[in-house]
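A.B. asks: fold the following and give me the result.
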Amino acid sequence: MPDGGTVMIEADHSASRVGPGSIVVRVLDEGTGIDPAVRAKIFEPFFTTKPSGTGLGLSICREIADFHRARLALFPRSVIDGGTIAEVEFPSLAPGLSAT
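C.D. replies: As a prediction, the model looks like this:
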């Protein structure tokens, strides 16, 4: 967000795409959004739109999510709001398992 703005973080367990009991965490920003031409490559290692970037940030994030059986996705916000939504959905624990 080159001109500043607000970043919001939400957590929800009722609107799951993976299954009941899953946790969804969303990070919403008011930036310029992601160019649709770039969206297909955004998680590829070494792909960057920054002059000095390594292109590893989002590919590493996706790998960490995959390791935890989570789903990481990026969505455009509405045309009115602008920006991007980064969503991570963690699956529920199998019955009988504990988080500790």
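
A.B. asks: in this structure, where is pLDDT below threshold?
C.D. replies: Residue ranges of the chain with pLDDT under 70: 14-20, 93-100.

A.B. asks: ranges for the helices of it?
C.D. replies: Remark: helices assigned in the chain by DSSP state H are 36-39, 57-67.

A.B. asks: distance check, the residue nearest to the spatial centre of the chain against S59.
C.D. replies: When CA atoms, centre = their mean is applied to the chain, the residue found nearest the centroid is A86 (2.8 Å). In this view, A86 and S59 are 14 Å apart by CB to CB, to the nearest Å. (Each C-beta comes from the backbone N, C-alpha and C, glycine too.)

A.B. asks: re earlier: just the helices of the chain: most buried one?
C.D. replies: Comparing the helices of the chain by mean neighbour count (mean count of other CB atoms under 10 Å), helix 57-67 ranks first with a mean of 14.

A.B. asks: run through who's touching it.
C.D. replies: I42, F43, E44, P45, F46, F47, R71, L72, L74, V88 (CB atoms under 8 Å, 6 or more residues apart in numbering).

A.B. asks: okay if I get those as TSV plus neighbour count?
C.D. replies: Listed next are the contacts of helix 57-67 as TSV, based on neighbours: other CB atoms under 10 Å:
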residue	neighbour count
I42	17
F43	18
E44	12
P45	12
F46	9
F47	16
R71	17
L72	17
L74	16
V88	19
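
A.B. asks: pull the contacting residues for the residue nearest to the centre of the chain.
C.D. replies: For A86, the contact set (CB under 8 Å, 6+ apart) comprises R26, V27, L72, A73, L74.

A.B. asks: can I get the residues you listed in CSV with distance to H13?
C.D. replies: Shown next, in CSV, are these (distance: CB to CB, whole Å):
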residue, distance to H13
R26, 12
V27, 17
L72, 17
A73, 17
L74, 21
